[in-house]
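Chemist: Could you look at this predicted model? Sequence included:
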Amino acid sequence: MKKVVLLAAGVAAVLVLAGGAGAVGVPKGVPDDPGVSNQKAFLLEAGGFSHVEPYRGSTGSGGRGGNDDSLKVVGSLRLDPSNVEVHGDVAGYKKLAFVGKWRGACPGTGVDIIDISKPKRPMKISDTADYADTSMEDMQAIRIGRRDILAIGLQDCGASATEGAVGLELYDITNPRNPVFLSLFNGADFPQIFASPTDEAHGHVHELDVAKLPDGRTVAALSSPDSEAITSDFDGFNGVGDLILVDISNPANPTFLSEYGVLDDPTLGVPFYLSVLQGGDARTLLHSPRFNKKGTRLYLSYWDAGVLILNITDPAHPSLVGRTAYDVGVEGNAHSTDTAKREKILIQADEDFSPFETIFNIASGPNAGAYPAAEGAFTVPIAALADRSMNGSTTFIGLACPGDPAPPAAPDDGNPLTEEIAVAMRGVCFFQDKAEAAEAAGYDGFVVMNDAARGDALVLMGPSGSTPIPELPGIFVGHSTGLKIFNVADATGLGIGMTGASLAATAQFNGWGYLRFFDISNPANPVQLSTFATPNTNNEAVALDGTWSVHNPEMLSGGADDRGADEGSNILYASWYSDGVRVLDIKRPARPREIASWTGQGAPAGAPPVNIWSVVPHNDLLLVSDRNFGLYILKHKRDD
């Protein structure tokens, strides 16, 4: 019998699709081939496709209290569409601000270009091209020759049957009221590496950075998460790395420069790729690249592999200098970086959307015990159930895809503290289709077991993009675990309607994501100095009332260039979703100290609770993008 849901968390964003139509981690156009080697299959499962922002929504407000007198709203601009979690990164350039579009509702309506010459009254003056089913969340502007150039990363939203655009898009914004498209660079532009007929499906760009190198070239660093795993051979080698460097000195004709990935790095390779996986969102992929000011070094936020420091004095041959690492049992998820103190301090933001760890047990029968499992991204969080557990009897319902016979009706044990749990086999249709079939048959929760071809690799189940979303908790388990639930030797022993052992999946709180500070005076051996988290980050009582993870850190520069770190400043800004904007004094990096915060005070009437994606210092202002509202412009008034 279904338990009462205390707080039904909102719909999470899709990371991956179910089997059959496309292997997890494989973008559209790449076949789901169960005949690939076990190692290759595991590499794909260990990745996460191009989208690496699993957002577990909430019903909470994020709060507007606190003593935030030193941060004041100067101006604001509500952008369309409003209040549907679509606004992405923010960047500043001259008297302009840019706000990207995320893939949540995926409007695909380009990057908004905003005139901030009058900060009290920012005004949208143009936007870039629309692309159906496309996210354009990250962008940077830079001067190249006599032109102002805007670089934008495009990736397929993955939420419909249409193919979204992918790649690096470049515009001339010298006249920002009339941006002129110059070029689109993606996998089709370097066929010497990509040889399949779906080349254009590769080269998706999640995040990017641009810089002028010492030799005068302007280069874009692109993160194409999972590119290496997707394009590698059966043994995990010879793929196109997750980092792609592109020479954009001629923005009308960008050219491939080089690529880098951990699988083909002789000092790392497949054993490293697999060994670093840990936590509830276990993946090895590049999320964000960041140049140093000199254009001689790249910092790669490589999720569970930590931050990789690359020497790019020869950009055609990037080489690994050192990396940060995680202790066993830590979530991981290196998301983004900045540096300080003349590049002797590295600030690392670990974005963790898994504040609860899922503990999964077969609770009865000869195979009772704990087994690996992954909670779904679109399912009702187990943490939101009355006793933070999904436990009860099991029934096998087959593939449970559209067109299949309806699953057998769920039994009812009459116990209000248990669920009747459907177990489906992975394959043929979306995970959401299986959840819908289980819900229609009266089940209170569902489990999807991996198929035999893909073994025991775990995946984060994402929705199909259709609505409404089933209101069920859901778990993914390995193939052998599914067999143990029913105590059979292989899948031929399974039959629709078969009952199995009882299960117990519980949610144990382990906190949201936070900041780490490293001494990188010796970049070959980074040493962690400290961490910083807001009170809400580790407060179980409010865990489902908001999104309490850090997102992006940005140092206040002491020089004319307002990107990157500088020895002239000890002020760090961090975007923290429901916890707004946080301001830290890191004069002593071993003891970072919060000196101000902003969680919505002074926002316009009717503005939704804050959901901050990024904060960027620009001249003497702070540009802040809010996923639901659009753009805020803040002023940091210093006590000193």
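Modeler: Noted; the coordinates are in hand.
Chemist: helix/strand/coil for Val270?
Modeler: At Val270 the chain is in helix, as set by DSSP: H, G, I helix; E, B strand; the rest coil.
Chemist: Kindly tell me how buried it is, as a neighbour count.
Modeler: 18 (other CB atoms under 10 Å). Where C-beta positions appear, they are placed from N, C-alpha and C, glycine not excepted.
Chemist: Also Arg177?
Modeler: Using other CB under 10 Å, the number of residues around Arg177 comes to 9.
Chemist: can you check Asp519 too?
Modeler: So Asp519, with other CB under 10 Å, has 18 neighbours.
Chemist: That one: what's it in contact with?
Modeler: Asp519 makes contact with 344-345, 526-527, 529, 589, according to CB atoms under 8 Å, 6 or more residues apart in numbering.
Chemist: can you do 7 Å?
Modeler: For Asp519, the contact set (CB atoms under 7 Å, 6 or more residues apart in numbering) comprises 344-345, 526-527, 529.
Chemist: wait, which of these is closest to Arg516?
Modeler: Closest approach to Arg516 among these (CB to CB): Leu529, at 8.5 Å.
Chemist: got a list of what the closest one touches?
Modeler: 517-519, 589-590.
Chemist: and the one helix or strand it maps to, which strands flank it?
Modeler: Element membership for Leu529, per DSSP states H and E: strand 527-532. Strands that pair with strand 527-532, judged by DSSP bridges, come out as strand 515-519 (antiparallel).
Chemist: okay, the strand it pairs with in PDB with CA atoms only?
Modeler: What follows is strand 515-519, C-alpha atoms only, in PDB (Å, rounded to 0.1, in the frame of the first residue of the first chain):
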ATOM      1  CA  LEU A 515      33.600  24.400  -2.100                       C
ATOM      2  CA  ARG A 516      37.100  23.000  -1.700                       C
ATOM      3  CA  PHE A 517      40.300  25.100  -1.500                       C
ATOM      4  CA  PHE A 518      43.700  23.700  -2.700                       C
ATOM      5  CA  ASP A 519      47.300  24.900  -2.500                       C
END
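Chemist: Averaged pLDDT, it. What do you get?
Modeler: Here strand 515-519 scores 98 as its mean pLDDT.
Chemist: Please point out which parts of it sit buried.
Modeler: Buried residues in strand 515-519, defined by neighbour count with 16 or more other CB atoms under 10 Å: 515-519.
Chemist: Can you tell me which of the residues you listed comes closest to Ser480?
Modeler: The closest of those to Ser480 turns out to be Arg516 (CB to CB; 35.6 Å).
Chemist: Report the secondary structure element holding the residue nearest to that closest one when sequence neighbours are not counted.
Modeler: Residue nearest to Arg516 in three dimensions, not counting chain neighbours: Gln348, with 4.4 Å by CB to CB, 6 or more residues apart in numbering. Assigned by DSSP H and E, Gln348 falls within strand 345-350.
Chemist: For that strand, name the packing helices and strands.
Modeler: Counting contacts by 3 or more CB pairs under 7 Å, 6 or more residues apart in numbering; DSSP states H and E, strand 345-350 is packed against strand 334-340, strand 515-519.
Chemist: Provide the angle between the direction of that strand and the direction of strand 515-519.
Modeler: Here the directions of strand 345-350 and strand 515-519 differ by 150 degrees (axes from the mean of the first three to the mean of the last three CA atoms, to 10 degrees).
Chemist: after strand 345-350, next one along is what?
Modeler: Next along the chain from strand 345-350, counting by DSSP H and E, comes strand 356-362.
Chemist: Can you pull the poorly scored residue ranges out of the stretch 201-350 of the chain?
Modeler: For the stretch 201-350 of the chain, the stretches with pLDDT under 70 are 201-202.
Chemist: re earlier: how many residues are close by the residue nearest to Arg516?
Modeler: Using other CB under 10 Å, Gln348 is surrounded by 24 other residues.
Chemist: same thing with Ala316?
Modeler: By other CB under 10 Å, the residues close to Ala316 number 9.
Chemist: go on, Ser117?
Modeler: Using other CB under 10 Å, Ser117 is surrounded by 10 other residues.
Chemist: My read is that it contacts Lys94, right?
Modeler: No. Counting by CB atoms under 7 Å, Ser117 does not reach Lys94; the two are 9.0 Å apart.
Chemist: re the thing from before, would you put the C-alpha positions of the strand holding Leu529 in CSV?
Modeler: Extracted in CSV, the C-alpha atoms of strand 527-532 (Å, rounded to 0.1, in the frame of the first residue of the first chain):
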residue,chain,number,x,y,z
VAL,A,527,47.0,19.9,-1.3
GLN,A,528,43.5,20.5,0.1
LEU,A,529,43.5,23.3,2.6
SER,A,530,39.8,23.7,3.6
THR,A,531,36.2,23.4,2.6
PHE,A,532,33.2,25.8,2.8
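Chemist: Show me what secondary structure element comes after it.
Modeler: As assigned by DSSP H and E, the chain's next helix or strand after strand 527-532 is strand 553-555.
Chemist: what about burial for the contacts of Asp519, which qualify?
Modeler: Applying 16+ other CB under 10 Å to the contacts of Asp519 flags 344-345, 526, 529 as buried.
Chemist: Hmm, Leu263 and Phe237 touching each other?
Modeler: Yes. Between Phe237 and Leu263 there is a contact under CB under 7 Å: 6.5 Å.
Chemist: still on that earlier bit, give me the residues contacting the strand holding Gln348.
Modeler: Contact partners of strand 345-350, identified using CB under 7 Å, 6+ apart, comprise 307, 324, 331-340, 513-520, 526, 550-553, 572, 574, 589.
Chemist: thinking again about what came up before, would you format the buried residues of strand 515-519 as CSV with distance to Asp444 included?
Modeler: Converted to CSV, the buried residues of strand 515-519 look like this (distance: CB to CB, whole Å):
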residue, distance to Asp444
Leu515, 39
Arg516, 39
Phe517, 44
Phe518, 45
Asp519, 50
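Chemist: Which parts of this structure are helices?
Modeler: 38-46, 227-231, 269-275, 431-440, 479-486 (DSSP state H).
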